[in-house]
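Engineer: predicted model follows, preceded by the sequence.
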Amino acid sequence: MNAIQFGEEIINPINRLSVYGVILNESKQILVANVNGKYHLPGGGIDAGEDDIQALKREILEETGYEITDIKLIGKANQFIPNASVGPMNKIGTFYSALAGA
């Protein structure tokens with residue numbers, strides 16, 4: 001599966017593997033995370049020793065307090081971020097859908 005690339009190209013970025021979830025509740029509402037007054041899909045970087053699903057479950061639980069089930073791959077998209085805290089970055093993102101549990 002090819003990834004779509006967003007943002008203006010950066011020379012020699014740090015590539016950061018990441019996962020994000022489009023998480024639905026029983027009413028088909030999408031779960032979002034509020035960080036510093038900005039809403040975004042929950043997710044983030046994959047830590048050493050984790051696979052995509054482990055990282056997704058951890059990130060969703062950390063950011064929202066929900067455990068997830070019925071995880072399905074949606075697709076891939078990358079984003080150049082020139083001013084990341086660690087320097088110029090290309091977020092290599094994989095996106096999944098899932099259902100929120102308690």
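Structural biologist: Cool, got the structure.

Engineer: could you use CA atoms for every contact and neighbour count after this?
Structural biologist: Fine.

Engineer: longest strand in the chain, please.
Structural biologist: Once the chain is assigned using DSSP state E, the strand that runs over the most residues is strand 68-81.

Engineer: from residue 69, how far off is the nearest residue to residue 32 once chain neighbours are set aside?
Structural biologist: Spatial nearest neighbour of residue 32, chain neighbours left out: residue 41 (5.1 Å); criterion: C-alpha to C-alpha, 6 or more residues apart in numbering. From residue 41 across to residue 69, the span is 16 Å (C-alpha to C-alpha, to the nearest Å).

Engineer: repeat for residue 42
Structural biologist: Using C-alpha to C-alpha, residue 42 is found at 15 Å from residue 69.

Engineer: looking at these two, which one has more neighbours?
Structural biologist: Between residue 42 and residue 69, counting by other C-alpha atoms under 10 Å, residue 42 is the more crowded of the two (22 against 13).

Engineer: isn't that one up against residue 57?
Structural biologist: No: assessed by C-alpha atoms under 8 Å, residue 42 is found out of contact with residue 57, at 10.1 Å.

Engineer: by contact count, what packs against the helix or strand bottoming out on mean pLDDT in the chain?
Structural biologist: Scoring the helices and strands of the chain by mean pLDDT, DSSP states H and E places strand 33-35 at the bottom, with a mean of 85. Where contact means 3 or more C-alpha pairs under 8 Å, 6 or more residues apart in numbering; DSSP states H and E, strand 33-35 is packed against strand 38-40.

Engineer: pLDDT averaged over the strand it packs on - what is it?
Structural biologist: Mean per-residue pLDDT for strand 38-40: 92.
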